[in-house]
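Engineer: What would the 3D arrangement of this be:
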Amino acid sequence: MDNVIYEPVPTWYFPDDVTIIETTQTSVTATITPYDPADAAWHIELVNLSNGETPTGIPTDTVYTTSFNISGLDNSSTYAMYVRTVCGGYNSIWTYYPFEFNTQCGAVADFMQGWESG
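Structural biologist: Purely as a prediction, here's the structure:
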């Protein structure tokens with residue numbers, strides 16, 4: 001045996017699941033299924049894929065309940081949600097894959113039918 005590498009086993013894991021419950025034009029409601037029932041806080045990173053954003057690893061929100069709502073989103077957009085468990089001075093790794101959702105379309109204010117033009 002030439003090389004031995006010691007890596008501590010993480011004691012905190014990302015959630016088992018995230019379920020998108022509802023979206024509006026500017027918000028998302030979701031639920032988290034924790035890995036451990038004692039988990040009580042999670043970092044969320046929302047990435048607006050429609051604007052060409054990419055994940056940064058920097059949380060955009062922190063939630064303290066398994067059911068939560070995040071507002072202030074852009075309408076008619078596709079988002080990717082990454083989640084990690086907050087564990088005191090340590091944090092779990094981010095979810096391996098994002099949970100994607102679409103916000104609802106915005107209202108159309110300048111619609112013209114134009115049947116008579118032609």
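Engineer: Run through who's touching the least confident helix or strand in the chain by mean pLDDT.
Structural biologist: When the helices and strands of the chain are scored by mean pLDDT, DSSP states H and E, strand 90-91 comes last with a mean of 79. Strand 90-91 is contacted by residues T11, W12, H43, R84, T85 when judged by Cβ atoms under 8 Å, 6 or more residues apart in numbering. C-betas here are computed from N, CA, C, even on glycine.
Engineer: Quickly list what the third one is bridged to.
Structural biologist: It stands for H43. Beta-bridge partners of H43, counted by DSSP bridges, are T62, R84.
Engineer: Turn the contacts of strand 90-91 into CSV, including pLDDT.
Structural biologist: Listed next are those as CSV, based on pLDDT from 0 to 100:
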residue, pLDDT
T11, 63
W12, 71
H43, 95
R84, 94
T85, 93
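Engineer: Quick check: the farthest pair among the residues you listed?
Structural biologist: Put simply, by Cβ to Cβ the two of the contacts of strand 90-91 set farthest apart are T11 and H43, 16.7 Å from each other.
Engineer: Looking only at neighbour counts, state which of the two leads.
Structural biologist: Remark: of T11 and H43, H43 carries more neighbours, 20 against 9, as counted by other Cβ atoms under 10 Å.
Engineer: tell me what the next helix or strand after the least confident helix or strand of the chain is packed against?
Structural biologist: Where DSSP states H and E defines the elements, the next helix or strand beyond strand 90-91 is strand 99-102. Applying 3 or more Cβ pairs under 8 Å, 6 or more residues apart in numbering; DSSP states H and E, we find strand 99-102 packed against strand 17-23, strand 78-87.
Engineer: what comes up buried for the first one?
Structural biologist: Burial within strand 17-23, assessed by neighbour count using 16 or more other Cβ atoms under 10 Å, is assigned to V18, T23.
Engineer: how distant is that strand from the center of its chain?
Structural biologist: Chain-centre distance of strand 17-23: 9 Å, with Cα atoms, centre = their mean, to the nearest Å.
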